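[1] Pasting the sequence and the predicted coordinates here, then a few questions.
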Amino acid sequence: MSEPLPTTNAELFARGQKVIPGGVNSPVRAFRSVGGTPYFVASGSGARVTDVEGRVFIDLVQSYGAIIAGHAHPRIVEAIRNAVGDGTSFGAPTPREVQLAEAISERVPSCEKVRMVNSGTEATMSVIRVARGATGRAKLLKFAGNYHGHSDGLLVSGGTAMASLGIPASAGVTANAIADTVVAPYNVVPTLDESFAAVIVEPCAANMGLVPPAPGFLEGLRAECDRVGALLIFDEVITGFRVARGGAQALLGVRPDLTAFGKIIGGGLPVGAFGGRAELMDNLAPLGPVYQAGTLSGNPLATAAGLAALELLDDDAYALITSRAECLAGAFANAFAAAGITVQVPRFASLVGLFFGADAPTNYESACTTDEALYAAFFHALLERDIAIAPGAYEVMFPGLAHDDATLTAIADAAHAAALRVAQQL
Ligand SMILES: Cc1ncc(COP(=O)(O)O)c(C=O)c1O
């Protein structure tokens, strides 16, 4: 029997650090860039999480976007409960895999065929393999500050935790692994040539703070890819099923060849997926020569949770979440204006960012000029007032269906007091 678990965050963190590197299973959770001890979540309900010490926070992290209907949404919990008694993994196809692929394909018409995987990282890694297999070309273009998960070939200039920790790429990634990855500045249409298999892009960048696409950028990418016969890949791991029913591609009217998904389509369970035109996707084994596989892919619990999540998300739901995001962005902007602190609060549909600087960033270089110390001070001032935003200056906020008017008012009040507190510390 293992020892009973401690009931304070500090003790749990100390114990965790002995057996888990940094005490966390994903780096940004460790609070390194904001300082302090992470809160250990005991439970979540709707817009709120409760830590092991019994403190309740209004949560704008929402599992970095995996949750959109609030924690432990009754319909999603019920779907998982109903599924779990039937077994958790089989190594044979299960009916809901077909349903989830249909649900994705129906909502995102560019995805005629879909394959399920277990994380966003797997989705981007695999979709790039399809692009290379289909084109017979090697090179991949990615944009600085766009994060596409932690597979070797994509771990260059990836924003978020890497930005907070000041890690330009990663030890352990060889020069060979990234030799075919070309990095270009976001929001500028690059000039390609026939050696490029694909361009991968976050259609709205959400891993260097929030940097929406400049007008014409994605259209320009589409045209440049078509000019040289390269494939356009949208990484919609964050934007997919969050900014609109059909994702960013529906909202912005640009059709990629291939798309990577994650987060929302698992309803909070580990998941990823990628899809695209049938003729491209049919390159995958067992039909074609591009190998890709997964013991737990299309997992019966993840597909149950994902389907339940998608069913909650009709056009009205997106309109509601977007109006809440507007409200949230307005509240933050007002709070800082009242405190005399210069801030930009960019918003793209339901995604909201915070940038401490004079001009809204348009690329990684400008995003990196955010005042990280100010973010850290604001983060802690908010946390003291029971509001949790991400412990990293390059993350975004994820208001969702559970952030109702009363919750938004509580956030606005706390943001006001927190901004004034930060201003006093300057
Ligand atoms: C745009 C984007 N792509 C890919 C990933 C990787 O997803 P995962 O963490 O599920 O591996 C993330 C994770 O945050 C992401 O934001």
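    Structure received. This one's a predicted model, so the numbers in the text were calculated from it and none came from an experiment.
[2] Which positions in the stretch 101-250 of the chain make contact with the ligand?
    Residues of the stretch 101-250 of the chain lying close to the ligand (Cβ under 6 Å from any ligand atom) are 119-121, 124, 147-149, 202, 207, 235, 237-238. Where C-beta positions appear, they are placed from N, C-alpha and C, glycine not excepted.
[3] In helices only, show me those residues.
    Among those, DSSP state H puts 120-121, 124 in helices.
[4] Any chance of a ChimeraX selection covering the buried ones in the residues of the stretch 101-250 of the chain next to the ligand?
    Here is the ChimeraX command that selects the buried residues among these (16 or more other Cβ atoms under 10 Å):
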select :119,120,121,124,147,148,149,202,207,235,237,238
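[5] What score does the residue in the stretch 51-200 of the chain positioned nearest to the ligand have for pLDDT?
    Residue nearest to the ligand within the stretch 51-200 of the chain (Cβ to the nearest ligand atom): G120, separated by 2.2 Å. Looking at G120, its pLDDT reads 98.
[6] mind checking how far it is from S350?
    Distance of G120 to S350, computed by Cβ to Cβ, to the nearest Å: 18 Å.
[7] that older thread, distance to T409 added to the residues of the stretch 101-250 of the chain next to the ligand, as JSON lines?
    Formatted as JSON lines, these follow (distance: Cβ to Cβ, whole Å):
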{"residue": "S119", "distance to T409": "36"}
{"residue": "G120", "distance to T409": "33"}
{"residue": "T121", "distance to T409": "37"}
{"residue": "T124", "distance to T409": "38"}
{"residue": "Y147", "distance to T409": "32"}
{"residue": "H148", "distance to T409": "37"}
{"residue": "G149", "distance to T409": "36"}
{"residue": "E202", "distance to T409": "31"}
{"residue": "N207", "distance to T409": "29"}
{"residue": "D235", "distance to T409": "34"}
{"residue": "V237", "distance to T409": "31"}
{"residue": "I238", "distance to T409": "26"}
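[8] can you pull out the helices in the stretch 51-200 of the chain?
    With DSSP state H, counting those that start in this stretch applied, the stretch 51-200 of the chain shows helices at 62-65, 74-84, 95-107, 120-135, 160-165, listed in chain order.
[9] Low-confidence ranges, the chain, go.
    1, 158-168 (pLDDT under 70).
[10] Report the next helix or strand after the helix of greatest length in it in sequence order.
    Criterion DSSP H: the longest helix present in the chain is helix 315-339. Reading on from helix 315-339 to the C-terminus, the next helix or strand found by DSSP states H and E is strand 347-348.
[11] The residue of the stretch 151-300 of the chain found nearest the ligand: what's it in contact with?
    Of all residues in the stretch 151-300 of the chain, V237 sits closest to the ligand, at 3.4 Å by Cβ to the nearest ligand atom. When contacts are counted by Cβ atoms under 8 Å, 6 or more residues apart in numbering, V237 touches 120, 123-124, 148-149, 260-263, 272.
[12] could these go into JSON lines alongside distance to A177?
    Shown next, in JSON lines, are the contacts of V237 (distance: Cβ to Cβ, whole Å):
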{"residue": "G120", "distance to A177": "19"}
{"residue": "A123", "distance to A177": "19"}
{"residue": "T124", "distance to A177": "14"}
{"residue": "H148", "distance to A177": "14"}
{"residue": "G149", "distance to A177": "14"}
{"residue": "A260", "distance to A177": "19"}
{"residue": "F261", "distance to A177": "24"}
{"residue": "G262", "distance to A177": "22"}
{"residue": "K263", "distance to A177": "25"}
{"residue": "G272", "distance to A177": "20"}
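[13] Out of those, which sit inside strands?
    260-262, 272 (DSSP state E).
[14] Most neighbours of all these, which one?
    Using other Cβ atoms under 10 Å as the neighbour criterion, F261 leads the ones in strands among the contacts of V237 with 32 neighbours.
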